[in-house]
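>>> Give me coordinates for this.
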Amino acid sequence: MKLLVRWLLLAAALLLVAHLYAGVQVASFGSAMIAALVLGLLNTLVRPLLVLLTLPVTLLTLGLFLFVINALMFWAAASILDGFSVTGFPAALIGSLIYSLAGVVIDMAIERVFAPAPA
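Model prediction:
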């Protein structure tokens, strides 16, 4: 149940990103759900490999290169899907930042809602 709620809220967050920033377009809530799923899969499967391969650059930039990796994942998802588009890399960077912030808020809220009741 927790995973389903998180997925729906992340899809809504993607619609929020599209509403707040013109560089990101999402056609519908269904497209947002598919995009949230693809983003989750890319972040789970591809991102760790990219982080490992770019570790020297990440260390030299004191971790700031991770923002670039997040933007690449955002841009890759947009290039794969039809109902989700990003106008360019700067838009992917800004969109991924807004989406990540929304994701942090969603994760905090979910942990509070689904926290076990105190004994």
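
>>> What are the boundaries of the strands in the chain?
24-26, 84-86 (DSSP state E).

>>> For those, give me a markdown table that also has mean neighbour count and mean pLDDT.
For every residue, glycine as well, the C-beta is placed using N, CA and C. Formatted as a markdown table, these follow (neighbours: other Cβ atoms under 10 Å; pLDDT from 0 to 100):
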| stretch | mean neighbour count | mean pLDDT |
| --- | --- | --- |
| strand 24-26 | 22 | 96 |
| strand 84-86 | 22 | 96 |
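
>>> how near is the residue nearest to Ser100 when sequence neighbours are not counted to Ile110?
Excluding the flanking residues, the one nearest Ser100 by Cβ to Cβ, 6 or more residues apart in numbering is Asn70, at 6.3 Å. Look at Asn70 and Ile110: by Cβ to Cβ, to the nearest Å, they are 20 Å apart.

>>> before we move on, what about Leu59?
From Leu59 over to Ile110 the distance is 32 Å, taken as Cβ to Cβ.

>>> the more surrounded of Asn70 and Ile110?
Shown here are Asn70 and Ile110; by other Cβ atoms under 10 Å, Asn70 has more neighbours (21 against 15).

>>> Appreciated, that's everything.
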